[in-house]
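K.L.:
sequence below, structure please.
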Amino acid sequence: ELQEAAISSLANLAAASENVEVLMEKGAVKQVADAMNKHSGTAVIQIKGCGVISNLVSHDSSDSSLKQKIMDIVGVAVVFCMARHPNDARLQEKALKAIRNLCANCDENKEAVANIGGIDAVICAMQSLKHELEVQEEGAWAISNLAQSKDNREAIGLSGGIEVVIRAMWVHTECIEVQERCAQALFTLTEDLHNANVALELDSVSVVLDTMQRFTEVSIIQEMGCAILCNLAAITNEAKMQIVDEGALDAIALAMVLHADNVDLQTRACVGLVNLAIEDNLKPMLAANIIELVGTAADSFPKQCDEHAEKLVRIFEDAGYIN
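P.N.:
The predicted structure follows:
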């Protein structure tokens, strides 16, 4: 009880950015790590300990060197507690949050987490607790941060990370937070060609389009949906045809109309549409008014979209569809 109360107090103190330097100087992280290691079977100690770590590295002022110091002291304890308490949803949520905060904007910690089994721990949590909203949200967020490393991106794909992300999207269709984090994770993962192929085989086009249709007004979901489709469209001509056959043009077009002021969305949509522009897809693209939409994007954001618009027009001209 004394340990629990003490760690709870540390978590509260760590929530304020002005306390971080003093807590580090006083060895608070080492004390938390010692408590977690000594009481590894006590879930509440692990939950509170992960809360301290998550809070310490959650501030805008948390630089990479601070995160590395904390990771070196307590990283193993965080990952170990996930293996020790695999069915405790609250603990898994807190540990996942600690991992994603430790890895945010810190390449060294992305590597460190992978080296101590953190990728498998994240994926196992999402597999075991698939109906827990918070676990799925934090798990997808952690995967998104970890996958910013090329090596991690490949490892996550080989370890079943794509499957758990896509499953979370199907299981929690009405949860905007899960959908947003999963979409961001899936986008980052599918920047790897092997992962993009795996995602395509796992019916990712359908789940992405379903999400875009459910949350038409949510800009980040629309942007990430366009970005994922762009990644998938870069695989093969068969993939490009499948994406169009499943109705992606309507989803992309609607996103471009509803979010005309979002430069990132417009840019990703334009790139994706160029990727989709093969002979078999040109007629449906004309029918969906794609040329006009891309032209509008180029008028609004010439620096980002003009080159893609010109390329798309040339494709249609070369095919004889426009003069």
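K.L.:
which residues sit against the longest helix anywhere in the chain?
P.N.:
With secondary structure taken from DSSP state H, the chain has its longest helix at helix 64-84. Residues from elsewhere that reach helix 64-84, judged by C-beta atoms under 8 Å, 6 or more residues apart in numbering: 20, 24, 29-30, 32-33, 36-37, 40-41, 46, 49-50, 53, 56-57, 91-92, 95-96, 98-99, 102, 104-109, 112-113, 116-118, 121, 124-125. Quick note: C-beta positions are derived from backbone N, CA and C, even for glycine.
K.L.:
among the residues you listed, the buried ones, what's the ChimeraX command?
P.N.:
Selection of buried members from the contacts of helix 64-84 for ChimeraX, criterion 16 or more other C-beta atoms under 10 Å:
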select :20,24,29,32,33,36,40,46,49,50,53,56,57,91,92,95,96,98,99,102,104,106,108,109,112,113,116,118,121,124,125
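K.L.:
quick one: the helices in the stretch 151-300 of the chain?
P.N.:
161-171, 176-189, 193-201, 204-214, 219-233, 237-245, 248-258, 263-276, 279-287, 290-300 (DSSP state H, counting those that start in this stretch).
K.L.:
closest to E137 out of the ones you listed?
P.N.:
Smallest distance to E137 across the helices of the stretch 151-300 of the chain (C-beta to C-beta): 4.9 Å, for helix 176-189.
K.L.:
give the buried residues for the helix or strand harbouring A5.
P.N.:
Assessed by DSSP states H and E, A5 sits inside helix 2-14. Along helix 2-14, these residues count as buried under the neighbour rule (16+ other C-beta under 10 Å): 3-4, 6-7, 10-11, 13-14.
K.L.:
circling back: report the next helix or strand after the longest helix of the chain in sequence order.
P.N.:
According to DSSP H and E, the helix or strand after helix 64-84 is helix 89-103.
K.L.:
packing partners for that following helix?
P.N.:
helix 43-56, helix 64-84, helix 107-115, helix 118-128, helix 133-146 (3 or more C-beta pairs under 8 Å, 6 or more residues apart in numbering; DSSP states H and E).
K.L.:
confidence score at the closest residue to L129 other than its chain neighbours?
P.N.:
Spatially, and ignoring its direct neighbours in sequence, L129 is nearest to V135 (4.4 Å; C-beta to C-beta, 6 or more residues apart in numbering). We have a pLDDT of 98 for V135.
K.L.:
ok, A255 to E138 distance?
P.N.:
For A255, the distance to E138 equals 27 Å [C-beta to C-beta, to the nearest Å].
K.L.:
more neighbours: the two, which one.
P.N.:
E138 (28 against 25; other C-beta atoms under 10 Å).
K.L.:
quick check: mean pLDDT of stretch 105-119?
P.N.:
Per-residue scores along stretch 105-119 average to 97.
K.L.:
SS state for V20?
P.N.:
Secondary structure of V20, reduced to three states by DSSP: H, G, I helix; E, B strand; the rest coil: helix.
K.L.:
wait, what's in contact with it?
P.N.:
14, 56, 59, 61-62, 66.
K.L.:
just those residues: which has the poorest pLDDT?
P.N.:
Out of the contacts of V20, that is S61, at 69.
K.L.:
follow-up on the earlier one: buried residues, the longest helix of the chain. List them.
P.N.:
In helix 64-84, counting by 16+ other C-beta under 10 Å, buried: 66-68, 70-71, 73-82, 84.
K.L.:
how much space between H131 and W170?
P.N.:
12 Å.
K.L.:
these two: who's more crowded?
P.N.:
W170 (14 against 10).
K.L.:
pretty sure that one sits against S206.
P.N.:
No. Under the criterion of C-beta atoms under 8 Å, W170 makes no contact with S206, lying 9.0 Å away.
K.L.:
wait, what's in contact with the nearest residue to K94 once chain neighbours are set aside?
P.N.:
Counting by C-beta to C-beta, 6+ apart, C50 is the residue found nearest to K94 once chain neighbours are left out, at 3.9 Å. If you count contacts by C-beta under 8 Å, 6+ apart, C50 has them with 78, 81, 91, 94-95, 97-98.
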